[in-house]
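Q: My questions are about this predicted structure, shown below with the sequence.
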Amino acid sequence: MDTAVATKDFAASPVNKNLSTEDKHRFLREMLRIRCFEQASLKWYTKEGKMGGFLHLYIGQESIAVGTVSLLGPNDHVITAYRDHGHALAVGMGMNECMAELFGKATGCSKGKGGSMHFFAPDKNYWGGHGIVAGQTPLGLGLAYALKYKGLTGAALCFMGDGAVNQGSYHESLNLASLWDLPVIYIIENNGYSMGTSLERSSAFRECLAQRAEGYAIDWDRCNGEDLYEVRVKTQIALERAHRQSRPTVLEIDTYRYYGHSVADAKHKMYRSEEEIDRYKQNHDPIALWKARLVSEGILTEEQFDEMEQSARAEAEASVKFADESPLPSEASITEDVYFEVDRNTEAGRTGRHFFNY
Amino acid sequence: MDTAVATKDFAASPVNKNLSTEDKHRFLREMLRIRCFEQASLKWYTKEGKMGGFLHLYIGQESIAVGTVSLLGPNDHVITAYRDHGHALAVGMGMNECMAELFGKATGCSKGKGGSMHFFAPDKNYWGGHGIVAGQTPLGLGLAYALKYKGLTGAALCFMGDGAVNQGSYHESLNLASLWDLPVIYIIENNGYSMGTSLERSSAFRECLAQRAEGYAIDWDRCNGEDLYEVRVKTQIALERAHRQSRPTVLEIDTYRYYGHSVADAKHKMYRSEEEIDRYKQNHDPIALWKARLVSEGILTEEQFDEMEQSARAEAEASVKFADESPLPSEASITEDVYFEVDRNTEAGRTGRHFFNY
Amino acid sequence: MPKLTYRVALNQAFAEEIERDENVVLMGEEVAEYDGAYKVTQGLWKKYGDKRVVDTPISEAGFIGMGIGASMLGLRPVMELMFWSFAYVAWDQIINNAGCVRYMSGGLINCPIVIRGPANGGTNVGATHSHTPENFLANTPGLKVVCPATAYDAKGLMKTAIRDNDPVMFLENTLLYGEEGEVPEGEYTIPLGVADVKREGTDVSLIAHGRAALTALKAAELLAAEHDISAEVIDLRSIRPLDEEAILQSVRKTHRAVLIEENKPFCGVGAQISSMITEQAFDELDAPVLRVSAIDAPAIYSPKLEAVQLPRPMDIVAKVLKIC
Amino acid sequence: MPKLTYRVALNQAFAEEIERDENVVLMGEEVAEYDGAYKVTQGLWKKYGDKRVVDTPISEAGFIGMGIGASMLGLRPVMELMFWSFAYVAWDQIINNAGCVRYMSGGLINCPIVIRGPANGGTNVGATHSHTPENFLANTPGLKVVCPATAYDAKGLMKTAIRDNDPVMFLENTLLYGEEGEVPEGEYTIPLGVADVKREGTDVSLIAHGRAALTALKAAELLAAEHDISAEVIDLRSIRPLDEEAILQSVRKTHRAVLIEENKPFCGVGAQISSMITEQAFDELDAPVLRVSAIDAPAIYSPKLEAVQLPRPMDIVAKVLKIC
Ligand SMILES: Cc1ncc(C[n+]2csc(CCOP(=O)(O)OP(=O)(O)O)c2C)c(N)n1
Ligand SMILES: Cc1ncc(C[n+]2csc(CCOP(=O)(O)OP(=O)(O)O)c2C)c(N)n1
Ligand SMILES: [Mg+2]
Ligand SMILES: [Mg+2]
């Protein structure tokens, strides 16, 4: 084991024991969809001119997005950082609009304006997709604030990386969350590195990062992200705390990313060993472990798994075709989606000059 | 007692037991000088046109500046927030340049450019005087960084208020201080209020604010600020930690301000009771307690005390006369002290346009 | 019409909008129990309670960002910065989250938030407390920027800002809070993007915003009384959207313009207006467009000197005399 | 002369200054063990070690402020912002501490710090990563602002910036890091406040900074080849201090000016230059001063579209043809 968290079997926990085979298969399918989507995106990124900018792959961390989101209800919301493809697919966004966004097409979820770091689907309670490290942490707090203000029973899941804990806005958010009893759950996806910097070189702490929550009298927990059952159990505890007591939680989930920080990070074997990467792939791959789990439970066959993988791959390929064939945004659209009032052509939007090119 | 800190007698502690009568008198004189200086400044603030802007009085907290600074050596540095008169006088600044600064005169410590919130004396290792809440906390860290970089054995004492702990820059500074073993001491002068907001309404914590330091594996302590002996003992521990191990400390010192947040805060009895203020003045005044202490030690007479108070008052009055009679800065000086190279009329300062009024 | 202070006019706008829309919530440091550091929110917490008027800790990045997040879900937070100068600890939240999230989401999100507070020098609070970032904010497509000069404008523009579905940066002025002006009884709003001709004139256009518009009015009186020059005073009121037509109309009439602002000169709003006039009305100009701004240094504390650092009527008169 | 990339030229400047002055220390995210996100500091950590080249956590407000504090005590920190866009989480430290502490201390303190990193769009990294705040920074008396366009300028200006005793904001460009240019062997410096006439011309002055200066050069070639127009290209190199004389001299010669920048238009550097030219050389102008800037929206991701959003040679040509 490479996680500091002792493993324990969470299959029999209340939140897991009544899961149907269909549920368990669905989790597997969703993790596979994320992985295949990203493998396809990586392949096409490298093809001349299909995409630009950054591409941060979530591969290796799929169990976190799928496990946490699997528990969410109608008033639970999700917001994350720039490594956002996994959460986007987990909340139900289609591969087509996601791939088209990567291709910078008008059919993209953000009309080609946001790119890889900025997937959004407010209709699915998904608020992005944010490029500034920890910049989303006050926004997540605001989602929780609005829920409480409106008297809704819900929670805001705000995902962040281990490197984001050293941004001031996160700490300000923790104090506000505790002071005002806001139903926000900060989920630290601790993959051990912020770009090329290991956890030890970026953060001072005692046992773990989540423990800093104690200073704000916030409950915290730590979780082994490779086990989808455990992710669900620890997340459910936080969700109930949010729903029942309107109290925040900081949940640190150990995980690992297989690829570089972004596609640009070719030298990622400079700051971590090939052997370390292989060890994770061999022993801690969330998909492999979940697959083995379901096989051992006697509810999954190799054939079923291959079928799932193939359909995920097919879906990804289809999304590439969709993206590739989709039209580019028009030049005129560059100044659209800047101001609501202008886009809607309201009286306010028609009054005075809003744009200053002549 | 109104401080959460249990009192204990620190007179016999190593750092205190060898203090000479002269030392103990000096502490008393310095506390009196701070109080008299500020009483005079308050009196003249209200006189039409003598001062402008803010005036944050330190009265009630004098034992902290005097007690902490009394321990500092040649490589120990001080930086604080806008409530900075006490620290300025404690490090040895003259009343004249301080009062002249309040009067906005050219003879002021900052040539009338900084005002009450911005007293500086780098020659006395005093780096101000900063108006943005917690804005000085990374600067204090930088002083400690420079000391360590240069191989000097010293510490940076960075003072801040209880309301400043919820600014992100402070938390970022704590992580860096611990991660890099920097000799910085964050001293939280906890007077129970940030403007009109009580500690409980602004901060979430377990036992106290300093305890948040645990999350960064930083040592912390808490101190009853009304007792100068205790202030010296707790500060000395932090100084030794900085000097010997180059490790940071967060020291929270309970204290109380008698006046409003600033002179503008006339309504300060709206958020705290007359009775509370009186109780502090009666039972917890650091000057009265220190005086009583020295009397009980048989090393101070009423006459000596009166003489000290009178000379402090006389010095304050003289500084008012000095300030009042000092010249204003010239209009030309408005654009001086902006750029070092321009002020020194170097080649760099003479090349290109630096100022853009026509 | 009854006379109200700029402060009370704003206070009325808040009260009326709180009653009109249950999603309007006021937040900021000391805005509730303390009635506001400058008493702009006086009485509102007592009247509307903890839910609608909320005191915050000193965590601008945290609570401004929180307000932006809450606005994405449909609240209409009206966030007070005790001073706009403190926006700099929340700058990323304002520029990147309020300013860019609509665009990056392809228009799926909008942030109906107002961020407000005083942005001015002249009160001897020193360089760090005297910033006037209207030019920074207006440089940012996605944000709207309003700088009212009178009680009437402050109330009418604030009500519009709160109802606007885009993020509106509302810059007030501590030196104006106590200034009285006529404010009609009952409901009215003023659209963003409409300048106000505060004085008609024929010889030169004085174009300004915020308190500088009042300084321009005083200068116009001096010009009329002492130099027989008829100055027109255009108060921009909102910087983005900008009422360009009003500016150009005036310049087409007077053929001369002096731009006044209390900000530092380099890349101030005056620079933008000047370049716009030159580009749009070059042939109408009988003289160079001139600018008056603060003396180009951080805000000085010394009360007597800070009064000199900011534009005075005499400074405007002197510039006008150069071209008239 | 040997050809070096902009990246290597900067790298040489760092190495030379580290060796020249023991107080020079490089800091930033990934600058040491990782050799820099854009490899600008490649090899320096290996060569000079932990003391001189330091990796930081993702805490810009904390480490930039720390660098400012260290500079008050005499260190000469060269702080990398992986992107200048991230300055917005450290904005208060930069504007209020680096920018104002000298003034507020009446000149007792100075901050010999360099804050550097790329500030540009055009790499499809989206709105939050494509900010170009040179206008915000140059609005702030107390700060100096440099925007080099070539390898030669980058090295010479960086060495000067590190030796300067005021805080210098050094804005680089990820699109230029790989661009080659002639750089002499050995020691040289370029003063701040001196523009470079990158191409002589007689019909129109193209005034720009950073990458826009190279776009202007391309436009000048098109103008010569296709329109027989002789354009002079002035590269400002530093924004504050500003080489006003070079601008005015050129305008007195050509009587026409087009200002190009990759920033958003409202209150961009072009606005300041335009207002300055109008004010200082009105009678020299035969045509309105025109501006070319980025299309006024947050930076779009879509690679094909972002290429359109930023000024292209054809956009400059079109503007020039309006006045020539
Ligand atoms: C304020 C800010 N500083 C720096 C960056 C550049 N950056 C982007 S991601 C990243 C590392 C973040 O690591 P972590 O939080 O652990 O998330 P992970 O990439 O591991 O998912 C950095 C430094 C940024 N986007 N925002
Ligand atoms: C970033 C920022 N926000 C708000 C303010 C306004 N302000 C000045 S002092 C203060 C209260 C600070 O209280 P505390 O830290 O407890 O210090 P004390 O005044 O009690 O010494 C506030 C809100 C400021 N100066 N800076
Ligand atoms: Mg990580
Ligand atoms: Mg306090």
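A: Yep, it's here. Ligands and ions are numbered 1, 2, ... in the order given.
Q: What are the buried residues along the lengthiest helix in chain A?
A: Longest helix in chain A by number of residues, with DSSP state H as the criterion: helix A:21-46. Residues of helix A:21-46 classed as buried: A:24-25, A:27-41, A:44-45 (neighbour count, 16 or more other CB atoms under 10 Å in any protein chain shown). (Glycine included, C-beta is placed from N, CA and C.)
Q: Could you tell me which ones among these also sit near chain B?
A: Restricting the buried residues of helix A:21-46 to those near chain B by CB under 8 Å from any CB of the partner chain leaves nothing, as none qualifies.
Q: other SSEs contacting the longest helix of chain A?
A: When contacts are defined as 3 or more CB pairs under 8 Å, 6 or more residues apart in numbering or on different chains; DSSP states H and E, helix A:21-46 sits against helix A:62-69, helix A:85-90, helix A:95-102, helix A:286-296, helix A:302-325.
Q: Output the contacting helices and strands for the third one.
A: Counting contacts by 3+ CB pairs under 8 Å, 6+ apart, the secondary-structure elements packed against helix A:95-102 are helix A:21-46, helix A:85-90, helix A:302-325.
Q: again, but for the last one
A: Contacting helix A:302-325 under the criterion 3+ CB pairs under 8 Å, 6+ apart are the following elements: helix A:21-46, helix A:95-102.
Q: looking at those helices, which is closest to residue B:329?
A: Evaluated over the helices and strands packed on helix A:302-325, closeness to residue B:329 peaks at helix A:95-102, with 57.4 Å, by CB to CB.
Q: quick revisit: nearest to residue D:138, of the helices and strands packed on helix A:21-46?
A: Closest to residue D:138 of the helices and strands packed on helix A:21-46 is helix A:95-102 (CB to CB; 35.3 Å).
Q: helix or strand for residue A:158, which one?
A: In this assignment (DSSP states H and E), residue A:158 forms part of strand A:156-161.
Q: doesn't residue C:197 make contact with residue C:246?
A: Yes: contact status for residue C:246 versus residue C:197: in contact at 6.9 Å, counting by CB atoms under 8 Å.
Q: which parts of the stretch 151-300 of chain A sit against chain B?
A: Proximity of the stretch 151-300 of chain A to chain B, by CB under 8 Å from any CB, involves residues A:166-172, A:174-175, A:178-179, A:201-206, A:211-218.
Q: Now do the strands in the stretch 51-200 of chain C.
A: Along the stretch 51-200 of chain C, the segments classed as strands by DSSP state E, counting those that start in this stretch run C:53-55, C:76-80, C:114-118, C:144-146, C:168-172, C:180-182, C:196-199.
Q: could you dump these to JSON lines with distance to residue C:232, mean pLDDT and mean neighbour count?
A: Below are those laid out as JSON lines (distance: least, CB to CB, whole Å; pLDDT from 0 to 100; neighbours: other CB atoms under 10 Å in any protein chain shown):
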{"stretch": "strand C:53-55", "distance to residue C:232": "41", "mean pLDDT": "98", "mean neighbour count": "22"}
{"stretch": "strand C:76-80", "distance to residue C:232": "34", "mean pLDDT": "98", "mean neighbour count": "27"}
{"stretch": "strand C:114-118", "distance to residue C:232": "28", "mean pLDDT": "99", "mean neighbour count": "26"}
{"stretch": "strand C:144-146", "distance to residue C:232": "22", "mean pLDDT": "99", "mean neighbour count": "28"}
{"stretch": "strand C:168-172", "distance to residue C:232": "24", "mean pLDDT": "99", "mean neighbour count": "27"}
{"stretch": "strand C:180-182", "distance to residue C:232": "20", "mean pLDDT": "98", "mean neighbour count": "15"}
{"stretch": "strand C:196-199", "distance to residue C:232": "6", "mean pLDDT": "98", "mean neighbour count": "18"}
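Q: Any chance of CSV for the ones you listed, columns distance to residue C:304?
A: Shown next, in CSV, are these (distance: least, CB to CB, whole Å):
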stretch, distance to residue C:304
strand C:53-55, 36
strand C:76-80, 30
strand C:114-118, 22
strand C:144-146, 31
strand C:168-172, 25
strand C:180-182, 26
strand C:196-199, 29
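Q: All set, thanks.
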